[in-house]
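Engineer: Kindly return the folded structure for what I paste below:
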Amino acid sequence: MKTSESTIGIVGAGIGGLVAAIALRRAGHDVVVFEQAKQFARVGADINLTPNAVRALDGLGVGEAARVTAARPSHRISRTYDTGEETSRLEMADSAEQRYGAPQLTIHRADLLAALADMFPAGQVALGKRAEKIAADDKGVSLSFADGTSARVGVLLGADGIHSCVRTAMFGAESPRFTGIVAYRAVVPAERVAGVPNLGAFTKWWGPNPQSQIVTFPLNRGKDIFIFATTPQDSWHLESWTAPGSVDELREQYVAYHPEARALLDACDTVLKTALYERDPMPAWAVGRMALLGDAAHPMLPFMAQGAGMAIEDAVVLSRHLEGVAIANAVDAADALQRYEQARIERASQVQLGSRGNNWLREGGNADWVYGYDAWAVPLGAPARANAATA
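Structural biologist: Modelled structure (predicted):
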């Protein structure tokens with residue numbers, strides 16, 4: 001695989017990285033993705049793609065493939081944990097598509113990654129490439145990998161998650177903060193819990209504090225139900241997609257919840273458990289020829305279900321800013337990355353802080369500012385050099 005100072009390199013072949021790769025290649029750029037895993041594996045959580053994310057995927061031609069295995073929740077419902085009182089209900093099926101131009105989809109992360117991988121040449125993804133050293137100069141960015149190889153690119157994008165090595169190269173080492181919250185994840189066959197109402201909806205049971213909740217939604221075209229539950233817990237610090245948890249512990253944490261919520265937990269045979277980490281919003285995402293997107297820029301708690309959505313939006317808006325830009329030109333490349341940052345940082349930071357506060361749509365409210373965002377149509381950032389001159 002050849003790279004040059006006219007190549008855009010992306011570290012991380014997750015959702016944000018692959019969406020960026022597809023969008024940038026469609027914009028005419030030579031793109032290579034560096035992924036530390038030696039192979040793609042079916043790991044990770046099931047994710048919620050709200051209309052803002054699906055519309056962005058549709059613009060790349062990926063939405064149709066994502067719909068094949070996804071479910072389409074009928075509503076977004078908020079319920080009080082103990083009484084079961086319904087405090088808000090937002091229609092998300094045909095109504096959402098008419099209002100926002102795209103539906104809500106719930107899908108396994110691996111299925112979405114497979115759909116994305118089908119849209120990008122496999123030969124442009126370098127697996128087993130864990131970046132150990134990154135250095136930028138006026139002409140490009142050099143990467144050294146753990147396997148002894150190296151690469152040289154004109155622009156480097158960090159889509160490598162909350163523990164981003166690109167972020168560290170840009171801004172120095174800084175560890176994410178443990179939130180004191182753990183999350184449980186489980187999947188149960190829908191037929192096993194057929195007596196529980198609203199199985200076809202995205203339902204959020206709001207707990208006695210902002211850290212406690214149970215979220216459920218359909219998967220696999222409604223054949224399964226995904227359960228995502230969070231609770232305060234200081235004794236578990238392991239951050240993992242695959243670490244097993246205790247079903248008995250899961251049930252004990254939510255004994256005060258409504259019988260309909262507990263019925264879903266009672267149906268669980270196995271559960272995965274992970275600690276949740278976060279960072280504060282950043283004042284900048286771009287430095288010279290390097291920029292961040294997705295969790296590398298704005299890792300957020302899952303309470304607004306926008307982690308994947310924000311990464312997808314970032315990738316599309318970034319590709320629009322780099323369209324027609326000569327990557328080898330240091331001034332033009334840096335200017336485009338600064339404009340991307342300007343266009344995205346306020347929105348992503350707002351969602352990041354809103355996710356931490358965990359109050360959005362608890363008792364109704366306007367979802368349009370999140371779901372109605374169109375990454376293909378929002379105004380581009382003003383030229384950074386013009387801004388500097390004005391300032």
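Engineer: Look at the residue minimising distance to the centre of the chain and tell me its secondary structure.
Structural biologist: Compute the mean C-alpha point of the chain, and by C-alpha atoms, centre = their mean the closest residue is A308, 2.0 Å away. Classification of A308 by DSSP: H, G, I helix; E, B strand; the rest coil places it in helix.
Engineer: Double-check R42 against L112; I have them as touching.
Structural biologist: No. Applying C-beta atoms under 8 Å as the test, R42 and L112 come out as separate, 11.6 Å apart. For every residue, glycine as well, the C-beta is placed using N, CA and C.
Engineer: So for those two, which sits in the more crowded spot?
Structural biologist: L112 (28 against 10; other C-beta atoms under 10 Å).
Engineer: ok, that one touching G14?
Structural biologist: No. Judged on C-beta under 8 Å, L112 makes no contact with G14 at a distance of 10.0 Å.
Engineer: Now do the longest strand along the chain: everything it contacts.
Structural biologist: Ranked by number of residues, the top strand in the chain under DSSP state E is strand 177-189. With C-beta atoms under 8 Å, 6 or more residues apart in numbering as the test, strand 177-189 has contacts from 45-46, 211, 219, 223-234, 236-237, 245, 247, 250, 253, 264-265, 267-279, 301-302.
Engineer: Please convert the buried members of those into PyMOL selection syntax.
Structural biologist: Buried residues among those (16 or more other C-beta atoms under 10 Å), as a PyMOL selection:
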select buried, resi 45+46+211+219+224+225+226+227+228+229+230+231+233+245+247+250+253+264+265+267+268+271+272+273+274+275+276+277+278+279+301+302
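Engineer: which stretches of the stretch 51-200 of the chain have low pLDDT?
Structural biologist: Within the stretch 51-200 of the chain, no range satisfies pLDDT under 70.
Engineer: And the strands in it?
Structural biologist: Counting by DSSP state E, counting those that start in this stretch, the stretch 51-200 of the chain has strands at residues 75-80, 86-91, 105-108, 125-127, 131-136, 141-145, 150-153, 155-158, 177-189.
Engineer: Pipe the ones you listed into a markdown table and attach distance to G365 and mean neighbour count per row.
Structural biologist: Formatted as a markdown table, the strands of the stretch 51-200 of the chain follow (distance: least, C-beta to C-beta, whole Å; neighbours: other C-beta atoms under 10 Å):
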| stretch | distance to G365 | mean neighbour count |
| --- | --- | --- |
| strand 75-80 | 10 | 21 |
| strand 86-91 | 7 | 16 |
| strand 105-108 | 21 | 22 |
| strand 125-127 | 40 | 18 |
| strand 131-136 | 41 | 16 |
| strand 141-145 | 43 | 18 |
| strand 150-153 | 43 | 20 |
| strand 155-158 | 33 | 30 |
| strand 177-189 | 23 | 19 |
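Engineer: And the ones you listed: which comes nearest G207?
Structural biologist: G207 lies closest, by C-beta to C-beta, to one member of the strands of the stretch 51-200 of the chain: strand 75-80, at 9.0 Å.
Engineer: relative to strand 177-189, how tilted is the strand or helix carrying T274?
Structural biologist: For T274, the element it lies in under DSSP states H and E is strand 272-278. Here strand 272-278 runs at an angle of 150 degrees relative to strand 177-189 (axes from the mean of the first three to the mean of the last three C-alpha atoms, to 10 degrees).
Engineer: So what touches the helix or strand that comes right after strand 272-278?
Structural biologist: Sequence order places strand 286-287 as the next helix or strand after strand 272-278, per DSSP H and E. Outside strand 286-287, the residues that touch it by C-beta under 8 Å, 6+ apart are 136, 170-171, 292, 334, 337-338, 340-341.
Engineer: Out of those residues, who's the most crowded?
Structural biologist: Using other C-beta under 10 Å as the neighbour test, the contacts of strand 286-287 are led by L292, with 29 neighbours.
Engineer: beta partners of that one?
Structural biologist: Beta bridges link L292 to G158 when assigned by DSSP bridges.
Engineer: Does R279 touch P299 like I think?
Structural biologist: Yes. Contact criterion C-beta under 8 Å: R279 and P299 qualify, at 5.3 Å.
Engineer: and for these two, which residues touch both?
Structural biologist: 162, 176.
Engineer: how many other residues sit next to the residue nearest to G372 when sequence neighbours are not counted?
Structural biologist: Closest residue to G372 apart from its sequence neighbours, by C-beta to C-beta, 6 or more residues apart in numbering: Y100 at 5.6 Å. Y100 has 22 neighbours, counted by other C-beta under 10 Å.
Engineer: Same check on P210?
Structural biologist: Neighbours of P210 using other C-beta under 10 Å come to 17.
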